[in-house]
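K.L.:
dropping a prediction and its sequence here:
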Amino acid sequence: MSGPGGVGKGTIVNALVERDPKLWLSRSWTTRGQRPGESDTAYVFTDRDAFESRIEAGGFLEWTNFLGNYYGTPTPDPVDGRDVVLEIEVDGASQVKAVHPEAVLIFVLPPSREEQQRRLRGRGDPEDKVDQRLQKALDEEPVGLAIANHVVVNDDLERTVQEMMEIIAAYRPKG
Ligand code: ADP
Ligand code: 5GP
């Protein structure tokens, strides 16, 4: 799953994994600092040296530099038939698609730019981060729309989660 900052990706994936035990949510590494109020388990919060060592050891399925920080998906362990969920930006999603063409890319859009801004502010992002993320969204969206298998507008959260569950169900073997 990809989408611009503040669109609601984290909220949606948390709801999905809570409802569907067959989903396995990958925990990314990042060099960004933890936000006030953010869960300790949202990421593996790490420093640049440790991140670069892991890159050299080939320990990431994909990684990128996003607004000055590293973000990466540790190469997932085989997970007993569960479906791996990644919540990552579009450069990483392109890398995953190159290695795993069977990956299903869902791109999430906000109902409007104003609502995206409200959500970023509501989450407590400082004003400079809000501006950076809105600006970054303008670059990311055309790429995201081009590579996505599905595009979902996150207007009403419950409706969005239902739509995502239907998309996932459609890719699973029947019966
Ligand atoms: P992202 O992971 O895409 O950056 P978050 O999941 O952190 O976004 O969501 C940003 C803010 O928007 C959070 O405060 C979250 O509670 C809120 N939010 C998420 N989805 C919705 C929605 N459908 N309607 C209103 N607020 C939402
Ligand atoms: P945030 O700082 O808002 O948590 O995340 C910034 C961006 O990085 C978001 O678009 C988020 O989806 C993305 N991201 C989070 N983890 C990873 C990852 O492991 N790899 C990549 N490529 N992007 C990630």
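P.N.:
Okay, I see it. Numbers count the residues shown, from 1 in each chain. Ligands and ions are numbered 1, 2, ... in the order given.
K.L.:
what mean pLDDT does stretch 158-169 get?
P.N.:
If you average the pLDDT over stretch 158-169, you get 98.
K.L.:
for that stretch, what is the distance to the chain centroid?
P.N.:
Relative to the mean C-alpha coordinate of its chain, stretch 158-169 is positioned 16 Å out (CA atoms, centre = their mean, to the nearest Å).
K.L.:
work out for me the element the residue in the chain positioned nearest to ligand 2 sits within.
P.N.:
Closest approach of the chain to ligand 2 (CB to the nearest ligand atom) occurs at G92, with a separation of 2.3 Å. All C-beta atoms are positioned from the backbone trio N, CA, C, and that covers glycine. For G92, the element it lies in under DSSP states H and E is helix 90-99.
K.L.:
flag every buried residue along that helix.
P.N.:
By 16 or more other CB atoms under 10 Å, the buried positions in helix 90-99 come out as 90-97.
K.L.:
repeat that for stretch 136-154.
P.N.:
Quick answer for stretch 136-154 (16+ other CB under 10 Å): 137, 140-141, 143-144, 148, 150, 152, 154.
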